[in-house]
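Engineer: This is a predicted model, with the sequence first.
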Amino acid sequence: GAVVSQHPSWVICKSGTSVKIECRSLDFQATTMFWYRQFPKQSLMLMATSNEGSKATYEQGVEKDKFLINHASLTLSTLTVTSAHPEDSSFYICSARDIADSYNEQFFGPGTRLTVL
Amino acid sequence: KQEVTQIPAALSVPEGENLVLNCSFTDSAIYNLQWFRQDPGKGLTSLLLIQSSQREQTSGRLNASLDKSSGRSTLYIAASQPGDSATYLCAVLNAGGTSYGKLTFGQGTILTVHP
């Protein structure tokens, strides 16, 4: 149980295009999902908290107009990188919190490797 | 602001050794502490989760301890194997401050177990 999937697992795009990444909780419902990015040889940095049915909360320094987050259902959150540039190339990982889990554990997806040419 | 530090940054050991990875955090207001494993280019695999009221958790050859008052946790790996080679990340779920409800990660320990 507690499986989180991400799609795509990797994507290459041209500079200036937009890319959408999906995060799904496969066997549980998640009112809250989190988006992280990880640069090579660095740890995970939280970008934003995605709340079902409401606006996402962004961490300081993260541009909300560039990283659009939509959490339209209890099992799906999407991250759209708009007008992507090479500096947006990174590993994006999502996590989800089971609404029925009292331990506050976050379950992580396998990540999406974004390369912007 | 919560800060999580992991020592050492890298560790190389021969197969069969027992080893200890260290994690420290500055704010003891946490719900839990979690240890993860990350293989190159992959996502996170949760290894152990210790609630703030607990002192330790065990899973197979892994044992994690938590001393919340001193802001420390250790991950003990017994009889290490080459397959244990990976980056090990420690993260705390914050129970207060500006990071309430969010995970703060350490920088990780890169473990290499050579045959």
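Structural biologist: Everything's here; your move.
Engineer: all strands of chain B, in order?
Structural biologist: In chain B, the strands defined using DSSP state E lie at B:4-7, B:10-14, B:19-25, B:30-38, B:44-51, B:56-59, B:62-67, B:72-77, B:86-94, B:103-105, B:109-114.
Engineer: Just name whatever secondary elements the fourth one is in contact with.
Structural biologist: Counting contacts by 3 or more C-beta pairs under 8 Å, 6 or more residues apart in numbering or on different chains; DSSP states H and E, strand B:30-38 packs against strand B:19-25, strand B:44-51, strand B:62-67, strand B:72-77, strand B:86-94. (Each C-beta comes from the backbone N, C-alpha and C, glycine too.)
Engineer: between those strands, which gets nearest to A:E105?
Structural biologist: Among the helices and strands packed on strand B:30-38, the nearest to A:E105 by C-beta to C-beta is strand B:44-51 (5.7 Å).
Engineer: So stretch B:58-77, near chain A or not?
Structural biologist: No - if you take C-beta under 8 Å from any C-beta of the partner chain as the test, stretch B:58-77 misses chain A, and the best it gets is 14.0 Å.
Engineer: CA atoms only for that stretch - export them in PDB, please.
Structural biologist: Extracted as PDB, the C-alpha positions of stretch B:58-77 are listed here (Å, rounded to 0.1, in the frame of the first residue of the first chain):
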ATOM      1  CA  THR B  58      14.200  -1.600  13.900                       C
ATOM      2  CA  SER B  59      13.800  -3.200  10.500                       C
ATOM      3  CA  GLY B  60      16.000  -6.200   9.600                       C
ATOM      4  CA  ARG B  61      19.600  -5.100   9.700                       C
ATOM      5  CA  LEU B  62      18.700  -1.500  10.300                       C
ATOM      6  CA  ASN B  63      18.100   0.200  13.700                       C
ATOM      7  CA  ALA B  64      17.400   3.900  14.200                       C
ATOM      8  CA  SER B  65      17.400   5.700  17.500                       C
ATOM      9  CA  LEU B  66      16.000   9.100  18.400                       C
ATOM     10  CA  ASP B  67      17.000  11.400  21.200                       C
ATOM     11  CA  LYS B  68      14.600  14.300  20.700                       C
ATOM     12  CA  SER B  69      15.800  16.400  23.600                       C
ATOM     13  CA  SER B  70      19.400  16.500  22.300                       C
ATOM     14  CA  GLY B  71      18.300  16.700  18.700                       C
ATOM     15  CA  ARG B  72      20.000  13.500  17.500                       C
ATOM     16  CA  SER B  73      19.300  10.400  15.600                       C
ATOM     17  CA  THR B  74      21.500   7.500  14.500                       C
ATOM     18  CA  LEU B  75      21.000   4.900  11.900                       C
ATOM     19  CA  TYR B  76      22.800   1.700  12.600                       C
ATOM     20  CA  ILE B  77      23.400  -0.800   9.700                       C
END
